[in-house]
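Participant: From the sequence below, what's the structure:
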Amino acid sequence: MSVGVTSGASKPAVRGTILAVDDEPDILVALEDLLEDEYRVLTTSRPAEALELIAAEPDIDVILSDQRMPGLTGDALLARAREISDAQAILLTGYADISAVVSALNRGGITGYVTKPWDPSLLRNAVRSAYERHRLARELATERALLRGLLDHAGDAIAFKDTGGRFLRLNTRMARRLGAPSVEACLGRRETEFAVPGSEDAEAADRAAIASGVPTEIVVGGAEAAQAAPGETWSQVTRVPIRDEAGAVVHLAVIARDITEQRQLELRLRQADKMQALGTLAGGVAHDFNNLLTAILGSLELALPKVAGDARLSRLMTNATQAAQRGAALTKRLLTFSHRRDLQARVVDLNAVIRGMDDLLGRSLGGFVQVEHDLSEHLWPAKVDPDQLELAILNLCINGRDAMPEGGIVALSTHNETVSGSTDPNLQDPNLKPGDYAVIAIRDTGTGIPPEILGRVFEPFFTTKGVGQGTGLGLAMVFGLVQQSGGTIRIDSEVGRGTTVMLYLPRSREAVEGTAAVRSVPAPATRRARILVVDDDTQVRHVTASFLNGFGYDEAEVASGEAALERLEAERFDLVVADLAMPGMSGIDLAEEVRRRWPSLPFLLVTGHAEAARIPADFSVLEKPFPSADLAARVAGLLKPEG
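Facilitator: Below is the predicted model of the structure:
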C-alpha cells in the first residue's frame, strides 16, 4: 500500500505529525479521517516502509501501529522504531493480543495502547496525550541542550542553586573557581564547603538576592586603591532569582564574569589621567617658577657689578646665581616631563647627556642606590632628542631602583658596537639592522624579570608594579623613542641577579651639535631705540626693563596687553617685548593685534613655558629665565639699523 499524507492547506503551518501503520487500507482511512483536523497524518501499510519513513522524518511525534501485520508485528516494529526515533508509540490491538501489549510495555517500545474497535474520543485523547508528552519532552531536551551548551562554552562561571544555596547545575569554569576537581564534585554542596576566600560573603549575597527576589550585580575581588598587588583579580557577579509559576523564588542563577583585564585597564587609564594632570600641574608650576628665576637671576646679574669690590659678597652672590641656574635646569626638565612633543633630534654626545644627569639621578634615586658610570672614551655620537633621551634614561633608572627595595647599584655604561653579517647573533632581533651603534646600557642589581613576562614589558599599560605605582607606559615610551631614532632596545634579565637594558642608537657621521655659546657680556645697543616692555609680573618686568636700559635703549613698562595698545596708539616704539601668559589679552593676542595694526613693528615674545600655547612659527620667542646677553642679542637682531 502506498504512503498517504493528508493535505491541509487551510490548516496551521506547524502541526504535530502522526504516522499510522496498518496493513488494512480501511483502517488507515479511518485513522486519517479521525486525526487529520488536528495533525499532519502519514500512512503506510508496510512495516519496512514505516521504518524508512521514521528514519527520514525526524519530526514524527506519534506512531500508531497495528499489532498483527505480515512481515513484522506491531510490538517488534515499535521496538525498532525506538532505536531511531523519540516519537511516542501507541499499539492498536485486539483483546487477544494483550500478551503482545505487555511485552511491548516491558520492552519500553510503547507508551500506551488502544483496543480495536476503538472509541474515537478515547483514541483522540490518547493521541493528544502522547503528542503533548512528546512535545514537552522535546522542549525539555532542547532547553537542556541549550543550557549545557551555554554552561560548557560560556566564558563566564555559571551555576544554578536551590534556595538553600546548594549547587544544582554548574559549568567547569565555576568548578575551577571553587577549586573543585570536577563539576560532579560540587553538586549538592554549598559554597562554604570549599576552601575559597570570600565564600561566606558569597552565600550571604545569595541569601540577600533570594530574599529580595530581584537581580543583583556586584564587583568582587582586588582592591581599587594603590595597595592592590600584582595578581589581584576582579569578578562581576550577577545573581538572578528564578521563580516558579506561582511566583515563589525556587532557584538562583549565579554568573561570575572575570573582569580583571578590563578593571586593570581602567585603573591604568585612571593612573595615566593622573599623570597627565600631574604633567599639567608641573607645567603651571614650572611657568611660575621660571618667572621667579627670571627675577632672581636678573636681579643678581644686575647687582653683581655693584659689589665687584667686595670679594666675599661677590662670592655669595655668585653662589646664589649658580644655585638659581641649577633650578632653571631642573625646571626645564620639569617642563619636558609635563609636555609630550614631537622629537627634536640633533647630534649629541651621549656621554655628556649622561654626565649632565648626575644631580637629577642622585635626587631621584635616593640615598640607598649607588650610581656608577663606565663611559667609553671614544663613544660615537648619535642623533636623538636629548631631552627625551634624558627622560628615557631616568625612567629606566627609576625602574631599576624600584627593583631594589633594599638598595643596590644602578650602573650606566656606554660602548660602540658594530652589527654586520647574517651570522651575527645580534641579528636575531629584526629591529637591529646591520650598522654602527652607540649603545647605552642601564644595569641594576635588583630582583630581575621572570622569563614568562619578559616579552611583554614593552606593551602599553603592562606593568609588574602594583596599581598606583606605575602606568605601564614608561618602557613603551622608551621603546618608541629609540625606535623613532632608528635604533632598538634589548633586555637581558635573570631572576635574583638583576636586569640590563641596552639602548641601541645608530651612529651619526655628523659633528656633534654644541649648544650655543653663552655670551658673558651683553652686546651694547647698536642704535637708539624705544622699547615697550609688557609683563603682568612686576619683578620680571622691572628686570627686563633694567636690562634694556643697561644696553642703552629707552624703555617703557606696562602691565597688560590692553595698556600696551593704548601706549602704542599714543607713542612711537621701535620694538615690543611681551610676556606670553598674561591675564586678559595674552602675549600672542597682543602680537597678532600689533602685527595687524603696525605691521613693521618688531615683536619679541618672552615665556616661561613655550609649549603652553601654540606659538606661530614666524614669531620670535625668548625662553625664561634668560641672561642679559641673550636678551641683548635677540633685541639687536630684531631692530633694523637706522638709515
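Participant: End to end on stretch 490-510, go ahead and measure it.
Facilitator: 26 Å (Cα to Cα, to the nearest Å).
Participant: So for it, what gets flagged as buried?
Facilitator: Applying a neighbour-count criterion of 16 or more other Cβ atoms under 10 Å, one finds 490, 493, 498-508 buried in stretch 490-510. Where C-beta positions appear, they are placed from N, C-alpha and C, glycine not excepted.
Participant: so can I have CSV of those residues showing pLDDT, secondary structure and distance to Glu36?
Facilitator: CSV is the format used below for those (pLDDT from 0 to 100; DSSP: H, G, I helix; E, B strand; the rest coil; distance: Cβ to Cβ, whole Å):
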residue, pLDDT, secondary structure, distance to Glu36
Arg490, 89, strand, 82
Ser493, 88, strand, 81
Gly498, 91, strand, 87
Thr499, 91, strand, 83
Thr500, 93, strand, 87
Val501, 92, strand, 84
Met502, 92, strand, 86
Leu503, 92, strand, 86
Tyr504, 92, strand, 86
Leu505, 93, strand, 89
Pro506, 92, strand, 88
Arg507, 92, strand, 94
Ser508, 91, coil, 94
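Participant: for the protein, what's the longest strand?
Facilitator: Of all the elements of type strand in the chain, the one with the most residues (DSSP state E) is strand 408-419.
Participant: And the helix or strand harbouring Leu481, what does it pack against?
Facilitator: Leu481 belongs to helix 474-484 when assigned by DSSP states H and E. Counting contacts by 3 or more Cβ pairs under 8 Å, 6 or more residues apart in numbering; DSSP states H and E, helix 474-484 packs against helix 386-402, strand 488-494, strand 498-506.
Participant: which stretches of the stretch 251-400 of the chain form helices?
Facilitator: Per DSSP state H, counting those that start in this stretch, the stretch 251-400 of the chain carries helices over the ranges 260-303, 311-338, 350-355, 358-365, 386-402.
Participant: closest to Val219 out of the ones you listed?
Facilitator: When the helices of the stretch 251-400 of the chain are compared by Cβ to Cβ, helix 260-303 sits nearest Val219, at 7.7 Å.
Participant: quick one: buried residues of stretch 412-423?
Facilitator: Buried residues in stretch 412-423 (16+ other Cβ under 10 Å): Leu412, Ser413, Thr414, His415, Val419.
Participant: Pairing partners for the longest strand of the chain, with directions?
Facilitator: The pairing partners recorded for strand 408-419 under DSSP bridges are strand 369-374 (parallel), strand 435-444 (antiparallel).
Participant: what kind of secondary structure is the nearest residue to Met404 once chain neighbours are set aside in?
Facilitator: Distances taken as Cβ to Cβ, 6 or more residues apart in numbering put Gly446 closest to Met404, at 4.3 Å, once the chain neighbours are dropped. Here Gly446 is coil, with the state taken from DSSP: H, G, I helix; E, B strand; the rest coil.
Participant: For Leu267, see how far away Gly446 is.
Facilitator: Using Cβ to Cβ, to the nearest Å, Gly446 is found at 24 Å from Leu267.
Participant: I'd say Arg80 and Leu51 touch.
Facilitator: Yes: taking contacts as Cβ atoms under 8 Å, Arg80 lies within contact range of Leu51: 6.3 Å.
Participant: out of those two, which sits in the busier spot?
Facilitator: Leu51 (19 against 16; other Cβ atoms under 10 Å).
Participant: Now do the domain split for this structure, please.
Facilitator: The domain map for the chain lists 4-144, 154-258, 341-506, 530-638, with the assignment taken from automatic domain parsing.
Participant: For Leu304, find the nearest of the ones you listed.
Facilitator: By Cβ to Cβ (comparing all of those), the closest turns out to be domain 530-638, at 10.8 Å.
Participant: Distance across the closest one, terminal residue to terminal residue?
Facilitator: Terminal-residue distance, domain 530-638 (Cα to Cα): 13 Å.
Participant: if we can go back for a sec, relative to strand 488-494, how tilted is the helix holding Leu481?
Facilitator: Helix 474-484 runs at 140 degrees relative to strand 488-494, counting by axes from the mean of the first three to the mean of the last three Cα atoms, to 10 degrees.
Participant: Gln236 and Ala175: what is the separation?
Facilitator: 19 Å.
Participant: ok, these two, which is more surrounded?
Facilitator: Ala175 (21 against 17).
Participant: and whichever strand or helix holds the more buried one, what does it pack onto?
Facilitator: Using DSSP H and E, Ala175 sits in helix 172-178. Under the contact definition 3+ Cβ pairs under 8 Å, 6+ apart, helix 172-178 sits against strand 157-162, strand 249-258.
Participant: Redo these as CSV? Include mean neighbour count and mean pLDDT.
Facilitator: Below are these laid out as CSV (neighbours: other Cβ atoms under 10 Å; pLDDT from 0 to 100):
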stretch, mean neighbour count, mean pLDDT
strand 157-162, 20, 91
strand 249-258, 18, 92
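Participant: Tell me which of those strands approaches Ala403 most closely.
Facilitator: Across these, Ala403 has its closest neighbour in strand 249-258 (28.9 Å, Cβ to Cβ).
Participant: what angle do the closest one and strand 157-162 make?
Facilitator: 160 degrees.
Participant: Now do the contacts for Arg595.
Facilitator: Neighbour list for Arg595: Leu601, Phe603 [criterion: Cβ atoms under 8 Å, 6 or more residues apart in numbering].
Participant: for Leu568, same thing?
Facilitator: Contacts of Leu568 (Cβ under 8 Å, 6+ apart): Leu532, Val576, Val594, Arg597, Trp598, Leu601.
Participant: what's the second one in contact with, if anything?
Facilitator: Shown in contact with Val576 (Cβ under 8 Å, 6+ apart): Ile531, Leu532, Val534, Ala564, Leu568, Leu590, Ala591, Val594, Leu601, Pro602, Phe603, Leu604.
Participant: Please indicate which of those has the highest neighbour count?
Facilitator: So for these (other Cβ under 10 Å), the most neighbours sit at Val534, 30 neighbours.
Participant: Retrieve the pLDDT associated with the closest residue to that residue other than its chain neighbours.
Facilitator: Nearest residue to Val534 in three dimensions, chain neighbours excluded: Ala578, at 3.8 Å (Cβ to Cβ, 6+ apart). Ala578 carries a pLDDT value of 94.
Participant: For Ala578, give the beta-bridge partners.
Facilitator: Here Ala578, judged by DSSP bridges, has bridge partners Val534, Leu605.
Participant: what's the burial count for it?
Facilitator: 27.
Participant: In a markdown table: the strands paired with strand 408-419, plus distance to Leu92, mean pLDDT and mean neighbour count.
Facilitator: A markdown table is the format used below for the strands paired with strand 408-419 (distance: least, Cβ to Cβ, whole Å; pLDDT from 0 to 100; neighbours: other Cβ atoms under 10 Å):
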| stretch | distance to Leu92 | mean pLDDT | mean neighbour count |
| --- | --- | --- | --- |
| strand 369-374 | 96 | 91 | 14 |
| strand 435-444 | 90 | 94 | 21 |
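Participant: before we move on, the earlier item: which one of the helices and strands packed on helix 474-484 lies closest to Glu24?
Facilitator: Among the helices and strands packed on helix 474-484, strand 488-494 comes nearest to Glu24, with 88.5 Å by Cβ to Cβ.
Participant: List the neighbouring strands of the closest one plus their orientation.
Facilitator: Short version: by DSSP bridges, strand 488-494 pairs with strand 498-506 (antiparallel).
Participant: returning to that earlier point: make JSON lines out of the domains of the chain and add distance to Ala295.
Facilitator: As requested, the domains of the chain are exported to JSON lines (distance: least, Cβ to Cβ, whole Å):
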{"stretch": "domain 4-144", "distance to Ala295": "81"}
{"stretch": "domain 154-258", "distance to Ala295": "38"}
{"stretch": "domain 341-506", "distance to Ala295": "23"}
{"stretch": "domain 530-638", "distance to Ala295": "4"}
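Participant: who wins for proximity to Ala320 among the ones you listed?
Facilitator: domain 530-638 (13.3 Å).
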